[in-house]
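Peer 1: no sequence on hand, only this structure:
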């Protein structure tokens, strides 16, 4: 019937790609557009900042101490004579003033922008990756069961690890060897099939993958998150990487739950059944067929996650647990300025407002995306 | 019903066990040592370090330490490493300090966010909705410590009242209305700060729930019956939109113990959050672990209570 | 309630040139694009069309239930008895909804509020329009449930919707619609979500209620099987337009529009056993991008060049049988 020429002429809605459609809906939200604009601006600033404040002779030197120039208000000019030529700030002007050590706040803000950006993106990257992996496993392989022999094997290896950390190297190695033999014997060689003996309860199903992962999520949710992050950051040596990793590893639970729920519903849908009937492999189904359908909302929530991570990092820096000095972050500029709140309010307000604007733009952008992706609001 | 309760108690106990193991491992396997047992610390002689290690079973293998620690915790004998005070008594004292902050903050959050969220949803797209949305984002995005300083500057310069701490020092002889007002002033700022994020998040959530429900068929049925808009919104829609919030009631509980580290340290409020912060600084393991354990208990109790409440309010769920 | 006989000629509801558009800016989705139809007292009228042709929107517009921010009633008159419903204020309309015109929805599971008992929901309908005492409401509610064939109605009052079967839920919906003895019931695909056997029961129920109460019923449906059992008169709707109207026999025996013919040809009947079933090629046009000229011409097997240019007029075949296909009309007149 489709060879009827008249049907070919049938007018229909002009074809738009999903992206164009998304953009059309997104554009209608003015706040979200502002959010996107500031987001891009912040991105460029942070990268420029990283370039301009690093190296031997940076354009903006964030750590140059000029004690005679301390606590100057924004836009003030340096007291000419007292400074050597290489000490005068670029543009001959303290754009954002100076702090209690006479360091140029503008340079420090530039350097801090890069910290906020990387912490936000890396932490959320880690959390999204862990979340998608765990959620995907739970949602797709959830019904599979781990047997007691798997669990015992892993348990033995884990015990070996614990022993190692307590210092019993030889015992630990022994236990480790036992674990390897155990795993090799029961799982790789499959004794029941080969030798025809029963291993009893060891072959029984213990726990499904789904239960295991979801219980792990429950356990993680039991920790008060900021308190946990604070504890771990305080115990570990101070470094920017530790902070990113810890924020990432303590915030993946939401993504996991979401991806799992999404996968559980996608798995029941016909196109997945069809793909499976065609003999397409599990991982291809997951990544080619299911992930594209589940990924968009995850990306949206990760935009908002970036905002949260930036706030968390600032909070940690404020409490003195953040990126170690002399590296500047917006949190520790603010923290350093709190002692001069009445004498030098710009030390509080400039980083505070900068954090506020950046976090706000991420939130607005994320919400705008979410609305644009929400099929229920599409008809509007 | 009873099998559900039994099952969930067992499940939550197992979860709690794992939480206790993991938190114990995190604390003890992390690099670095508490100052009391650090040989590099000049304040302690080797003999003192040795006595300390004996007293706190630090020579035992880790799993023995674990058992001893939780035995002490359950028998209430656990003491702080820093000053040898009983931990539970300490926590109780700080808890009583945090309680007024928590109560005022929670009341503010729940009484403000519902009217705002519902009104936003009903007048969706209107000027009220858009400004409420923007303010909600503003409050979500503002860093708590920055907002705290802005408010402090504002209150101190405009009203000339001191707000740091729980009460003004040296007011002992003042008449009681003054004392009382002083306490209120000191309580107000930290509670408002504690509530801002909550109000913003919860009102957004109320709004989206309400919008979701307003789009349902039964709301259309209610209108087709000839009900007035108020009856449609506040009876048929709201009743359904409220269901998920019953579960959130249970989730308030953990807030009891977490307190807010940042706000309590800015305001020098001697509450739970500040105690936890000080304990982390001093590597006072018993306090860190106990706070963590108690908060896990509260989280689990909270989810348990939410599940039970949901059973009660949603007629569709019957066991 | 006057006891009119069926097929009386006085008009209860008259919809004229109703246009309902969706979406503020371009492209505007012209969901309902100039619909005219009448419902007389005591008769059963069917509004038939594929999904997406605007029939549900038409029904909602009668009760003023079109969601207004995306939707907009652009023009038209909806005359019920002597008033134009479109000019009424919301409060006045509330007295008509559920009281004089009530509606039965398609999906009885989602259309009933899950957190209230069915007794509450039916009694609420009585409560808002007639300030009856608690006892009276209860006894009327039990009577209603009995009328719609729910066994042991007294015990069912305290049930929640999820505790009933699909057919029973739809009976509850009907009881709710009947609560204030309305003059007109609009039933929007009342049987689509139900099993075939339950479908027949519900249709019989509606028919018997209608006979005893002298009500008019406006069925919105895509199911020609339903139409052939219940309809007195039929309106065929396509892309927001009425394309053919007439009595049931006129439309079923002598359809005068290619679309109606296509619909009938695609019905499986005993005579067509073993033959390939006809299906109308193509799909319903997107209401935002309707073709020029006759909206059906891209799918019409007998389309002429002029069909894609000029908008078709209603052609009168007499005895209130009208069709919107001038070429067919001219052709038949010539023969």
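Peer 2: Nice, I can see it. Here the structure is a predicted model, which is why all the values come from computation and not from measurement. Residues are numbered from 1 along each chain as shown, chains lettered A, B, ... in the order given.
Peer 1: burial count for the residue in the stretch 1-150 of chain C positioned nearest to chain A?
Peer 2: Nearest residue of the stretch 1-150 of chain C to chain A (Cβ to the nearest Cβ) works out as residue C:70 at 5.6 Å. Quick note: C-beta positions are derived from backbone N, CA and C, even for glycine. When neighbours are counted by other Cβ atoms under 10 Å in any protein chain shown, residue C:70 registers 14.
Peer 1: residue A:267 is in contact with residue A:290, isn't it?
Peer 2: Yes. Contact criterion Cβ atoms under 8 Å: residue A:267 and residue A:290 qualify, at 7.4 Å.
Peer 1: more crowded one of these two?
Peer 2: Using other Cβ under 10 Å as the criterion, residue A:267 and residue A:290 rank with residue A:290 on top: 22 against 17.
Peer 1: now the residue most central in space within chain A: closest residue in space, sequence neighbours ignored.
Peer 2: By Cα atoms, centre = their mean, the mean C-alpha position of chain A lies nearest to residue A:124, the distance being 0.7 Å. Once flanking residues are discounted, residue A:124 sits nearest to residue A:305: 4.5 Å by Cβ to Cβ, 6 or more residues apart in numbering or on different chains.
Peer 1: how close does that neighbour sit to residue A:319?
Peer 2: According to Cβ to Cβ, to the nearest Å, residue A:305 stands 21 Å off from residue A:319.
Peer 1: the two - which one has more neighbours?
Peer 2: Higher neighbour count among residue A:305 and residue A:319: residue A:305, with 28 against 23, using other Cβ under 10 Å.
Peer 1: does that one count as helix, strand or coil?
Peer 2: Under DSSP: H, G, I helix; E, B strand; the rest coil, the three-state class of residue A:305 is helix.
Peer 1: and the residue nearest to the residue of the stretch 1-150 of chain C closest to chain A when sequence neighbours are not counted, what does it touch?
Peer 2: Closest residue to residue C:70 apart from its sequence neighbours, by Cβ to Cβ, 6+ apart: residue C:22 at 5.1 Å. For residue C:22, the contact set (Cβ atoms under 8 Å, 6 or more residues apart in numbering or on different chains) comprises A:379, C:28, C:29, C:31, C:70, C:71, C:72, C:287.
Peer 1: one more time with 7 Å, if that's ok
Peer 2: Contacts for residue C:22 (Cβ atoms under 7 Å, 6 or more residues apart in numbering or on different chains) come out as A:379, C:29, C:31, C:70, C:71.
Peer 1: could you pull out the strands for chain A?
Peer 2: With DSSP state E as the criterion, chain A has strands at A:145-147, A:205-208.
Peer 1: dihedrals phi and psi, the closest residue to chain A within chain B?
Peer 2: Relative to chain A, the nearest point of chain B is residue B:146 (3.2 Å; Cβ to the nearest Cβ). Here is the backbone geometry of residue B:146 (degrees, to the nearest 10): phi -70, psi -50.
Peer 1: can you tell me the closest non-neighbouring residue to it?
Peer 2: Using Cβ to Cβ, 6+ apart and skipping the chain neighbours, the partner closest in space to residue B:146 is residue A:352 (3.2 Å).
Peer 1: what's the neighbour count on the one you found?
Peer 2: 25.
Peer 1: looks like residue A:255 contacts residue A:131 (just checking).
Peer 2: Yes. Applying Cβ atoms under 7 Å as the test, residue A:255 and residue A:131 come out as touching, 2.6 Å apart.
Peer 1: which of those two has more neighbours?
Peer 2: Ranked by neighbour count (other Cβ under 10 Å), residue A:255 and residue A:131 place residue A:131 first, with 27 against 24.
Peer 1: would you map the strands across the stretch 51-200 of chain C?
Peer 2: Taking DSSP state E, counting those that start in this stretch as the test, the strands found in the stretch 51-200 of chain C are C:71-80, C:83-84, C:101-104, C:184-188.
Peer 1: tell me how far stretch B:63-79 is from the chain's mean position?
Peer 2: 25 Å (Cα atoms, centre = their mean, to the nearest Å).
Peer 1: list the buried residues in that stretch.
Peer 2: B:65, B:66, B:69, B:70, B:72, B:73, B:78, B:79 (16 or more other Cβ atoms under 10 Å in any protein chain shown).
Peer 1: coming back round to it: dump the strands of the stretch 51-200 of chain C to TSV, plus mean pLDDT.
Peer 2: Shown next, in TSV, are these (pLDDT from 0 to 100):
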stretch	mean pLDDT
strand C:71-80	84
strand C:83-84	86
strand C:101-104	89
strand C:184-188	89
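Peer 1: return the most buried member of the ones you listed.
Peer 2: strand C:101-104 (a mean of 27; mean count of other Cβ atoms under 10 Å in any protein chain shown).
Peer 1: quick one: that strand near chain B?
Peer 2: Yes. Using Cβ under 7 Å from any Cβ of the partner chain, strand C:101-104 comes into contact with chain B via C:102, C:103.
Peer 1: tell me which parts of chain B are close to chain C?
Peer 2: Neighbours of chain C within chain B, by Cβ under 7 Å from any Cβ: B:125, B:216-218, B:220-228, B:236, B:239-240, B:315-316.
Peer 1: among those, which ones are buried?
Peer 2: Neighbour counting with 16+ other Cβ under 10 Å marks B:216-218, B:220-227, B:236, B:240, B:315 as buried within the residues of chain B next to chain C.
Peer 1: what two of those residues are the furthest from one another?
Peer 2: Taking Cβ to Cβ, the two most distant members of these are B:226 and B:315; they sit 24.5 Å apart.
Peer 1: residue contacts, the residue of the stretch 1-150 of chain B found nearest chain C?
Peer 2: Of all residues in the stretch 1-150 of chain B, residue B:125 sits closest to chain C, at 6.6 Å by Cβ to the nearest Cβ. By Cβ under 7 Å, 6+ apart, the contact set of residue B:125 is residue C:69.
Peer 1: how about the longest helix seen in chain B, does it get close to chain A?
Peer 2: Scanning chain B for the longest helix, with DSSP state H as the assignment, gives helix B:176-214. No. Residues of helix B:176-214 are not located near chain A by Cβ under 7 Å from any Cβ, the shortest gap being 8.3 Å.
Peer 1: for that helix, give the mean pLDDT please.
Peer 2: Helix B:176-214 comes out with an average pLDDT of 85.
Peer 1: and it, what other elements does it pack with?
Peer 2: Helix B:176-214 sits against helix B:87-122, helix B:127-141, helix B:144-159, helix B:238-252, helix B:261-266, with contacts defined as 3 or more Cβ pairs under 7 Å, 6 or more residues apart in numbering or on different chains; DSSP states H and E.
Peer 1: pick the most buried one from those.
Peer 2: helix B:261-266 (a mean of 22).
Peer 1: pLDDT weak spots in the stretch 151-300 of chain A?
Peer 2: Within the stretch 151-300 of chain A, the stretches with pLDDT under 70 are A:165-167, A:186-206.
Peer 1: all helices for it, in order.
Peer 2: Taking DSSP state H, counting those that start in this stretch to define them, one finds helices in the stretch 151-300 of chain A at A:169-183, A:191-195, A:209-222, A:225-235, A:240-249, A:253-267, A:270-277, A:282-284, A:291-319.
Peer 1: show me what contacts the residue nearest to residue A:124?
Peer 2: By Cβ under 7 Å, 6+ apart, the neighbours of residue A:305 are A:124, A:127, A:251.
Peer 1: same thing with residue C:209?
Peer 2: Contact partners of residue C:209, counting by Cβ under 7 Å, 6+ apart, are C:147, C:178.
Peer 1: again, only using 8 Å
Peer 2: Contacts of residue C:209 by Cβ under 8 Å, 6+ apart are C:147, C:148, C:174, C:178, C:215.
Peer 1: ok, and of those residues, which contact chain A?
Peer 2: Residues of the contacts of residue C:209 in contact with chain A (Cβ under 8 Å from any Cβ of the partner chain): none.
Peer 1: how about these in a markdown table, adding distance to residue B:53 and neighbour count?
Peer 2: Compiled in a markdown table, the contacts of residue C:209 are given as follows (distance: Cβ to Cβ, whole Å; neighbours: other Cβ atoms under 10 Å in any protein chain shown):
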| residue | distance to residue B:53 | neighbour count |
| --- | --- | --- |
| C:147 | 85 | 18 |
| C:148 | 81 | 22 |
| C:174 | 81 | 24 |
| C:178 | 84 | 21 |
| C:215 | 91 | 24 |
